[in-house]
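Participant: Let me see the structure of the following:
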Amino acid sequence: MINAFDYLQGAGLLLYSPTPRLGTTRVSWHGAHDFDISAPYATVEQYLEWASQSQYSAVLPDASLLQMTYDVVGGSVVGHRLAYVPCPVLVDEDLIREAGFVDVVETHLDEGIASVVLRSPVRFDFDPEAASPGHPASHLTFNGPDCRIACVAPMHPFHFLDFVFRHYYAELRDAGSAWFDGYAGRTIDERVLTQEDRDGMHVVWPL
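Facilitator: Next up, the predicted model:
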């Protein structure tokens, strides 16, 4: 994650990325221990709280946030929460490079509801201890807390970053295509789909 963020920020593909916090068993951002995800739906207030309190792993050029947390025990990934949190307004990207991005977002919000855009966070979770019928060990969530689409395996951080740039920032991905093409194929080869997962809609990528 450190190497990825260093490259992406150096290449101008990220606005800002603080150094990840490396704990005994958790890799996340500084302050993640105070992180509150209790709200069932994404709100503008929640975005502003996370942004102003630096509750993120990186800030994208349009002021959207990346939140990446991995739990690792004995060299194996035992859990993760990987989230892409879109900015609730369309910002002037040149302006946020000159001023604090939170201030720019709040200025746009002061213009009224016409500035707000409806974009859902996208999250990949891996929590095998919580796995149960209807709650796959590895799953994709968007638009609502009860949306849990089973995924074939935990997601590698490079793969997650490629997913975000490939689907939401194609021009930036093209600018960094050598890096993405060289590293995005890395995977965590631990298949976790149950038969129930396979019988329903699920997400699979090459392992």
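Participant: Tell me which residues of the lowest-mean-pLDDT helix or strand in the chain come out buried.
Facilitator: None of the helices or strands of the chain scores lower by mean pLDDT, DSSP states H and E than helix 93-96, at a mean of 88. By neighbour count on 16 or more other Cβ atoms under 10 Å, the buried set for helix 93-96 is I96. Bear in mind the C-beta positions are built from the backbone N, C-alpha and C, glycine included.
Participant: what element comes up after it heading to the C-terminus?
Facilitator: Next in sequence after helix 93-96, counting helices and strands by DSSP states H and E, comes helix 101-110.
Participant: residues near D110, how many?
Facilitator: When neighbours are counted by other Cβ atoms under 10 Å, D110 registers 8.
Participant: Now do the same contact list for it.
Facilitator: The contact partners of D110, by Cβ atoms under 8 Å, 6 or more residues apart in numbering, come to none.
Participant: and the residue sitting nearest the centre point of the chain, helix, strand or coil?
Facilitator: Centrality entry for the chain: nearest residue to the mean C-alpha point is A83, 2.6 Å, by Cα atoms, centre = their mean. Applying DSSP: H, G, I helix; E, B strand; the rest coil to A83 yields a three-state assignment of strand.
Participant: what does L118 give?
Facilitator: Following three-state DSSP, we place L118 in the coil state.
Participant: same question, A4
Facilitator: A4 - assigned by three-state DSSP - is helix.
Participant: again with L8
Facilitator: Following three-state DSSP, we place L8 in the helix state.
Participant: Leaving out sequence neighbours, find the closest residue to it.
Facilitator: L14 (4.6 Å; Cβ to Cβ, 6 or more residues apart in numbering).
Participant: Please tell me I have it right and that neighbour contacts S57.
Facilitator: No. Using Cβ atoms under 8 Å, L14 makes no contact with S57, being 9.7 Å away.
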